[in-house]
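A.B. asks: give me the fold of what follows.
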Amino acid sequence: MPTEILMPALSPTMEEGTLAKWLVKEGDEVKSGDIIAEIETDKATMEFEAVDEGKIGKILVAEGSAGVKVNTPIAVLLEEGESADDIGTAPAPKAEAKAEAPKAESAPAAAAAPAPAAPKSADGGRIFASPLARRIAAEKGIDLATISGSGPHGRIVKADLEGAKPAPAKPAEAPRAAAPAAAAAPAPAGLSTETVLKMYADRETTEVALDGMRRTIAARLSEAKQTIPHFYLRRSAKLDALMEFRALLNKQLESRGVKLSVNDFIIKASALALQEVPDANAVWAGDRILKLKPSDVAVAVAIEGGLFTPVLKDAQQKTLSALSAEMKDLATRAKTKKLAPHEYQGGSFAISNLGMFGIENFDAVINPPHGAILAVGAGIQTPVVENGEIVIRNVMSMTLSVDHRVIDGALGAQLLERIVAHLENPMGMLA
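C.D. replies: Predicted structure coming up:
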């Protein structure tokens, strides 16, 4: 029986994606592990591997198709001995829902059976399995929750079911009372699209469609400002010692092709500060606070149409040169959307540096579930009073945006004080 290849979930939060490119065509033979397509998520372009072997019998979703929902059939795989004639009427990918569906005048003769729900693990998480593995499990009565997958990202494939025993029969459940109809979702805040279009109907405009990344940024940051109780702490750091120390290090590292940036020092200072104020190295986890032991620091990187926040993991253990090299690599791949989800998800703390654009100070929005984000402005030549005398120093303004559910004022102040201390005494970061 032909097997449907489904749109994969390439990250835990992925709900839909764009089928950017097919790397196979109808009639091609594939085996498990072959790269068959490139899928664009909201953040990256990722390769999609085949998990079963067979022949591509039919491609159901064309290249460039956007908004393809996870688990939508995108192609049909034929097993040995099957041909295109066995496909029959393959299910077409679902069209996008419209604002109002037309009413049917009469009921169809036979309603199509709904697709089986994706299996769940004991803790409620979705189990990833190939269509062929699901079919074999259903035929043999095997509980997929008891199977360990050997395919890509732990996906269960045909080979994992060899020798598996069927699950014991479960007693039938009593029929449940019908659940009440779900309440209509509240209308989004703000002006509607129609209202805004009418407002500017007599002006020359250009409409820019939102891609997946822009939609995700809009949704996440709107949610962040609406649900996270932000408060802000501001301090300045004198950078004169850091600039001198940086120039000295860069001269010594020149032969190795290493050039440290001010941002590299800010990353290291933040990582060390999170170790020194461990209660601030935390994230909001819905009904609890989750404290991290390592300093996993995310850094905002601007790209065309949006931004990434790649995460430098275990940053407290890495040298300045190692952090610099890793940050350059992550930033380069971010700009071509080549980061894997594990490279931009996670972390407890983020840095957004707009100083390079001449911005003196600003307030950044926390990227959930992070506990805080540091907004970094430009270093400015500023008159400063020292020992009763006015001197000119290179002063950098910083604002720490803090989630009050995770970090209280005094704790946030301690964290920011330690960041400033490291920046003003940079040699200590090498100890």
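A.B. asks: from here on, just use CA atoms for contacts and neighbour counts.
C.D. replies: Will do.
A.B. asks: now do the residue sitting furthest away from the middle of the chain against residue 21, distance only.
C.D. replies: Here the chain reaches farthest from its C-alpha mean at residue 388, the gap being 50.5 Å by Cα atoms, centre = their mean. Per Cα to Cα, to the nearest Å, residue 388 is found 67 Å from residue 21.
A.B. asks: likewise residue 325?
C.D. replies: Residue 325 is 31 Å from residue 21, by Cα to Cα.
A.B. asks: element containing the closest residue in space to residue 22 that isn't next to it in sequence, please.
C.D. replies: Counting by Cα to Cα, 6 or more residues apart in numbering, residue 22 lies nearest to residue 37, which is 4.4 Å off, once chain neighbours are set aside. Using DSSP states H and E, the element containing residue 37 is strand 35-40.
A.B. asks: what about the helices in the chain?
C.D. replies: Applying DSSP state H to the chain gives helices spanning 131-140, 193-199, 212-227, 240-253, 262-276, 320-335, 341-344, 409-424.
A.B. asks: how about those helices, which one is nearest residue 47?
C.D. replies: Proximity to residue 47 (Cα to Cα) singles out helix 341-344 among the helices of the chain, at 12.3 Å.
A.B. asks: ok, residues contacting that closest one?
C.D. replies: Around helix 341-344, the neighbours that count as contacts under Cα atoms under 8 Å, 6 or more residues apart in numbering are 10, 11, 44, 298, 308, 309, 310, 311.
A.B. asks: export those to TSV and tack on pLDDT and distance to residue 54?
C.D. replies: Conversion of the contacts of helix 341-344 to TSV gives the following (pLDDT from 0 to 100; distance: Cα to Cα, whole Å):
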residue	pLDDT	distance to residue 54
10	77	22
11	74	26
44	76	28
298	96	42
308	87	37
309	92	39
310	93	37
311	95	38
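A.B. asks: of the residues you listed, which pair is most distant in space?
C.D. replies: It's 10 and 298 that sit farthest apart of the contacts of helix 341-344, by Cα to Cα, at 20.7 Å.
A.B. asks: among these two, which residue is more densely surrounded?
C.D. replies: Between residue 10 and residue 298, counted using other Cα atoms under 10 Å, the more crowded position is residue 298 (28 against 22).
A.B. asks: correct me, but that one touches residue 307?
C.D. replies: No: between residue 298 and residue 307 there is no contact under Cα atoms under 8 Å: 11.9 Å.
A.B. asks: please pull out the lowest mean pLDDT helix or strand from this protein.
C.D. replies: helix 131-140 (a mean of 75; mean pLDDT, DSSP states H and E).
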